[in-house]
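A.B. asks: What would the 3D arrangement of this be:
(one chain, ligands or ions: 1)
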Amino acid sequence: MPDYDVIVAGAGIAGSLAAASAAKGGAKVLMLDRNDYTKVGKKTNWGWVCGDAVAKSHIDFITNEIDLRFGDPELDLKVDGVYAFSPNLEHRFIFEGEGYSLDRPKLAKKLVDYATKNGTEYEQHFEVEGPIIEDNKVVGVFGRDHKKEQVKLRAKVVIDALGIASMIRRKLPTNDYIEQTVSTDDIESTGRYIYRFEAKADDLRYYDPKNALIHLNQVLAPGGYGWVFPKRNKRMNVGVGVEKKSLEIRNAKLSKNDTLHSLIDQYVDWNPVIASKEMDPSDENGKGYWSVTVRRQFDSLVYPGYMGAGDSMAMPNPISAGGIGPAMVAGVLAGKAAAEAIRDNDTGIESLWRYNLSYNKSYGNKTAGLEIFRVYLQSLNNDLIDYGFGHFITEEEAVEISYGRIPKLTIASTFNKILSGISNITAFRNLLYTVDKMKKLNALYARYPAKVGEFKQWKQLVNAEMAEVKEKFKPAPV
Ligand SMILES: Cc1cc2nc3c(=O)[nH]c(=O)nc-3n(C[C@H](O)[C@H](O)[C@H](O)COP(=O)(O)OP(=O)(O)OC[C@H]3O[C@@H](n4cnc5c(N)ncnc54)[C@H](O)[C@@H]3O)c2cc1C
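C.D. replies: Predicted coordinates for the structure are as follows:
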């Protein structure tokens, strides 16, 4: 006999929202996390490691779906948008509209309070060690409780919201639906500081109190980018994400030995606006490192008795690495689908499949295209990115791409673009190829299998497109 209808493993953004949404749907829910209730949502010993930026549309999604409203103090600062700068800082494109810089510890507390208020039981200091599997179905989790005693807990459905290193996903049996691991090529190593700072000068290319800034620069942040996100009270969240292979190639070519840690410090030193700085001591959350995936979410998010949401399912946006929004969307939808499956008295894969469909419709259908664009971007050095910003695409086209839509880069419109230099022309041709592949993948995801039986064949088509692109484009940061 199961102890609960739903066990949610992990009380981060995805977990707390999944628990709240399932409990609101009438399910008996237990949420497990290693963190103390006062430090809920803390990812690692480093803290709530994040850039803290989220689009307003994602916050609005939660309010519309489960009637949870946000304000002070969790929405730390409102921003008008996100600007991406070319390496030479001569061009900038805005993408994503209004958004917020969050106070992550306060947001996490608000979400867990909402989950418990709606009936979720929260067990703190619980270390989840893996799934209990019977007859190829997940029927619970095992782990160690606050006394470090081995415990088995059973449920009709388990929602895995343990983040990127999930102990449940990694211990599932090999199966056609959920991948146990993520390729290191699809992972960004990231780190950031939260500083209180004094400004030396006004230069909106380096710090903008009203906008989040992203610096594409293959020397400063190989295979990723650097960011400066404003926060309230003269504070900023400043960090860097790098891809392992790009960093190795960049180091070898420049005869350097840089690491993520040294690159973050160089990025801070590179910023002429920062006159003096000190680490923000609040919540011991001023400095931290962690990893983010930059691929499409797993093609299926369900397995018999099992659903995944957030970083555990590789949900962060492949271009921006923004994972808060997708974790919010997925948490709400996973909880809702779990409660429906409980009401239907069926937590088999066919029944849970409804969550694959709702997530794909709400967010997931664009991410394979974005993954391809990310792979293309990592194949360009700084000169090509500078040239591309100036010649390849208009601001509107860049915005379209960032939303996963296909820009009108038709051959006809390209006649007006006068390109010079063989590598620039090759890079532009590669962009046309990339956009064509994005179109194909968006079309495939528009036909996301409605039934479990159609999944295997559909996935083969996705894999074939992905493999072709990844074979064609290799990281070439310098
Ligand atoms: C440096 C950095 C910057 C980022 N910047 C941004 C940004 O600006 N905007 C954005 O949208 N996204 C950003 N992201 C990504 C974003 O932080 C994540 O996508 C988001 O936190 C995912 O939430 P989650 O609930 O899925 O997982 P997590 O936040 O990782 O939560 C997982 C929870 O599970 C718990 N847990 C894990 N394992 C166990 C276990 N074995 N037993 C018990 N409990 C366990 C953890 O303690 C945690 O509470 C950034 C990430 C990093 C690393």
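
A.B. asks: CA only for contacts and neighbour counts going forward, please
C.D. replies: OK.

A.B. asks: burial count for residue 431?
C.D. replies: 19 (other Cα atoms under 10 Å).

A.B. asks: try residue 395
C.D. replies: Neighbours of residue 395 using other Cα under 10 Å come to 15.

A.B. asks: Settle this for me: it is touching residue 85, isn't it.
C.D. replies: No. If you go by Cα atoms under 8 Å, residue 395 and residue 85 don't touch, sitting 11.7 Å apart.

A.B. asks: residues shared between the contacts of the two?
C.D. replies: residue 93 (Cα atoms under 8 Å, 6 or more residues apart in numbering).

A.B. asks: Residue 311 belongs to a strand?
C.D. replies: No. Counting by DSSP: H, G, I helix; E, B strand; the rest coil, residue 311 is not part of a strand but helix.

A.B. asks: contacting residues for it?
C.D. replies: Here residue 311 is in contact with 161-164, 292-293, 323, 327 (Cα under 8 Å, 6+ apart).

A.B. asks: ok, and the most crowded of those?
C.D. replies: Most surrounded of these: other Cα under 10 Å gives residue 161, at 33 neighbours.

A.B. asks: Might you report the residue contacts of that one?
C.D. replies: By Cα under 8 Å, 6+ apart, the contact set of residue 161 is 8-12, 14-15, 308-312.

A.B. asks: Including distance to residue 425 and pLDDT, could the residues you listed go into JSON lines?
C.D. replies: Shown next, in JSON lines, are the contacts of residue 161 (distance: Cα to Cα, whole Å; pLDDT from 0 to 100):
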{"residue": "8", "distance to residue 425": "50", "pLDDT": "98"}
{"residue": "9", "distance to residue 425": "49", "pLDDT": "98"}
{"residue": "10", "distance to residue 425": "48", "pLDDT": "98"}
{"residue": "11", "distance to residue 425": "48", "pLDDT": "98"}
{"residue": "12", "distance to residue 425": "45", "pLDDT": "98"}
{"residue": "14", "distance to residue 425": "43", "pLDDT": "98"}
{"residue": "15", "distance to residue 425": "46", "pLDDT": "98"}
{"residue": "308", "distance to residue 425": "42", "pLDDT": "98"}
{"residue": "309", "distance to residue 425": "41", "pLDDT": "98"}
{"residue": "310", "distance to residue 425": "39", "pLDDT": "98"}
{"residue": "311", "distance to residue 425": "37", "pLDDT": "98"}
{"residue": "312", "distance to residue 425": "39", "pLDDT": "98"}
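
A.B. asks: hmm, stretch 181-190 in reach of the ligand?
C.D. replies: Yes. Interface with the ligand: stretch 181-190 contributes residue 190 (Cα under 6 Å from any ligand atom).

A.B. asks: Rounded mean pLDDT for that stretch, please.
C.D. replies: The pLDDT scores in stretch 181-190 average 97.

A.B. asks: Likewise for stretch 354-370?
C.D. replies: 97.

A.B. asks: now check it, is it near the ligand?
C.D. replies: No. Against the ligand, stretch 354-370 shows no contacts by Cα under 6 Å from any ligand atom, the least distance being 13.3 Å.

A.B. asks: and if you look at stretch 280-292?
C.D. replies: Yes. Using Cα under 6 Å from any ligand atom, we find that stretch 280-292 touches the ligand at 289-292.

A.B. asks: Can you list which of these are found in strands?
C.D. replies: 289-292 (DSSP state E).

A.B. asks: Pull out the buried positions in the helix ranked longest in the chain.
C.D. replies: Criterion DSSP state H: the longest helix present in the chain is helix 422-446. Along helix 422-446, these residues count as buried under the neighbour rule (16 or more other Cα atoms under 10 Å): 424-425, 427-428, 430-432, 434-442, 444-445.

A.B. asks: And for stretch 355-370?
C.D. replies: Neighbour counts using 16+ other Cα under 10 Å place 355-360, 363-370 of stretch 355-370 among the buried residues.

A.B. asks: May I see the residues you listed organised as TSV, with secondary structure added?
C.D. replies: Output for the buried residues of stretch 355-370, formatted as TSV (three-state DSSP):
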residue	secondary structure
355	helix
356	helix
357	helix
358	helix
359	helix
360	helix
363	coil
364	helix
365	helix
366	helix
367	helix
368	helix
369	helix
370	helix
